[in-house]
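**Student:** Can you look at this prediction? I've put the sequence above it.
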Amino acid sequence: MRRATRRHVLGRAAAATLGLAAGGGLVAVPRVARAATPGMDGALPEEVPDLVAVSAGPFLYGSTRAERDRAYALDARAYGHWRTRELGWYESEPQLAEGRTGDFAITRTPVTNALYAAFVEATGHPAPDVDRATWEGYGLIHPYASSRRHAWFDGAPPPGREDHPVVLVSLADARAHAAWLSTLTGARWRLPDEREWEKAARGHDGRAFPWGDEWDAARLNSHDRGPFDTLPVGSFPEGASPHGLLDAAGQVFEWTETEAAPGRIIVKGGSWDDKGCGVCRPAARHARPADIRHILIGYRLVCETSG
């Protein structure tokens, strides 16, 4: 698909009801007002994450052959080999095509340890952690010791990491948090599906990265520049998507509600441990076991804004 044709998907979309401007100037909102969210009135409680609004309508998802080839080349330049191409990492991406979503709101950043702590404290849900036998059973390249800096102790997040993304959470953990927020607010909270996540992360026009078509290691937390760990959410405002989503590339992979195969769930976004960074493109997709608690996987949530 030619770039000029791709841009036409933006068109002159009508102004969204949740604070998005018409045309190309998509405006992020710091919070979706309770008046605009079913069952919510008055001030937002502290337990509710900041949201950005994503307007209904068309958008481009997936990738072209040329984009996938550029992604492999980025990886090869960073790693010094063509292993991701040999393994076909990006071959499951659908061909660039037009899709549609309804209106929805999505958390501006991945859910933080502090926000998750409110859920744990209120419900008694198990805190993020994993034992050695379980970890080693995952067969990951990361040693068990690498998980300890992310593990909670006595129901509390690791000191100094309150505003980092929560990790060591399974799909069921993320769903439980969403269910609690639904009860707390009266609105329906859930994980995004893959298409919703991708639209929020790249806008309507099918760009290769949240900020545009050119790779820029200064716009995200990846292994290209360090610090080789999670960072406070929102540390790279220059990496924002057209909808105002932050940390949609790098930082941590994020759970979606899209199943790749029975028991295997699509995660999106790449992580601090990736470089290159073909895997950090919104079109990239990987499948992980639904029950894994990984140091590289967190999540963000959708709040439904229409019936």
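**Tutor:** Nice, I can see it. Residues are numbered from 1 along each chain as shown.
**Student:** which residue is nearest the centroid of this structure?
**Tutor:** By CA atoms, centre = their mean, the chain has its centre lying nearest to E254, at 4.4 Å.
**Student:** Can you say which helix or strand has it in it?
**Tutor:** strand 253-261 (DSSP states H and E).
**Student:** packing partners for that strand?
**Tutor:** helix 194-202, strand 264-268, strand 286-289, strand 297-298 (3 or more CB pairs under 8 Å, 6 or more residues apart in numbering; DSSP states H and E). C-beta coordinates here come from the backbone N, C-alpha and C atoms, glycine included.
**Student:** what's the helix or strand that the shortest one is followed by packed up against?
**Tutor:** Toward the C-terminal end, the helix or strand that comes next after strand 297-298 (DSSP H and E) is strand 302-304. Helices and strands touching strand 302-304, by 3+ CB pairs under 8 Å, 6+ apart, are strand 104-107, strand 189-190.
**Student:** Looking at those strands, which one is packed in the most?
**Tutor:** Stretch with highest mean neighbour count among the helices and strands packed on strand 302-304: strand 104-107 (a mean of 25; mean count of other CB atoms under 10 Å).
**Student:** For the next helix-or-strand element following that strand, buried residues please.
**Tutor:** For strand 104-107, the following helix or strand on the C-terminal side (DSSP H and E) is helix 113-123. If you call a residue buried by 16 or more other CB atoms under 10 Å, then helix 113-123 has these buried ones: 113-120.
**Student:** Show me how far helix 113-123 is from its chain's centre.
**Tutor:** Centroid separation for helix 113-123 versus its chain: 20 Å, with CA atoms, centre = their mean, to the nearest Å.
**Student:** Any idea how far whatever helix or strand comes next after that helix is from the middle of the chain?
**Tutor:** Counting by DSSP H and E, the element after helix 113-123 in chain order, helix or strand, is helix 132-138. Counting by CA atoms, centre = their mean, helix 132-138 is centred 25 Å from the centre of its parent chain.
**Student:** by how many degrees do the helix or strand following helix 132-138 and strand 264-268 diverge?
**Tutor:** Using DSSP H and E, the next helix or strand after helix 132-138 towards the C-terminus is helix 171-185. Going by axes from the mean of the first three to the mean of the last three CA atoms, to 10 degrees, helix 171-185 is angled at 70 degrees with respect to strand 264-268.
**Student:** mean confidence for the strand holding E254?
**Tutor:** Averaged across strand 253-261, pLDDT comes to 98.
**Student:** swap in stretch 300-307?
**Tutor:** Taken as a whole, stretch 300-307 has a mean pLDDT of 83.
**Student:** hmm, who's touching it?
**Tutor:** 17-18, 32, 36-38, 49, 51, 53, 56, 102-107, 109-111, 174, 177-178, 181, 185, 187-192, 196-197, 254 (CB atoms under 8 Å, 6 or more residues apart in numbering).
**Student:** same question, stretch 197-204
**Tutor:** Surrounding stretch 197-204, the residues in contact under the criterion CB under 8 Å, 6+ apart are 9-10, 13, 26, 52, 54, 57-61, 99, 101, 106, 192, 208-210, 241-243, 245, 248-249, 254, 256, 268-269, 282-283, 300.
**Student:** CSV please, covering the buried residues of helix 113-123 and showing distance to K275 and pLDDT.
**Tutor:** Output for the buried residues of helix 113-123, formatted as CSV (distance: CB to CB, whole Å; pLDDT from 0 to 100):
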residue, distance to K275, pLDDT
N113, 25, 98
A114, 28, 96
L115, 28, 97
Y116, 27, 97
A117, 31, 97
A118, 34, 95
F119, 32, 96
V120, 33, 97
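**Student:** In CSV: the residues you listed, plus distance to P237.
**Tutor:** Shown next, in CSV, are the buried residues of helix 113-123 (distance: CB to CB, whole Å):
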residue, distance to P237
N113, 20
A114, 19
L115, 19
Y116, 23
A117, 24
A118, 25
F119, 26
V120, 29
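**Student:** and which of the residues you listed is nearest to D216?
**Tutor:** When those are compared for distance to D216 (CB to CB), N113 wins out at 27.5 Å.
**Student:** Correct me if wrong: that closest one contacts D163.
**Tutor:** Yes. Assessed by CB atoms under 8 Å, N113 is found in contact with D163 at 7.3 Å.
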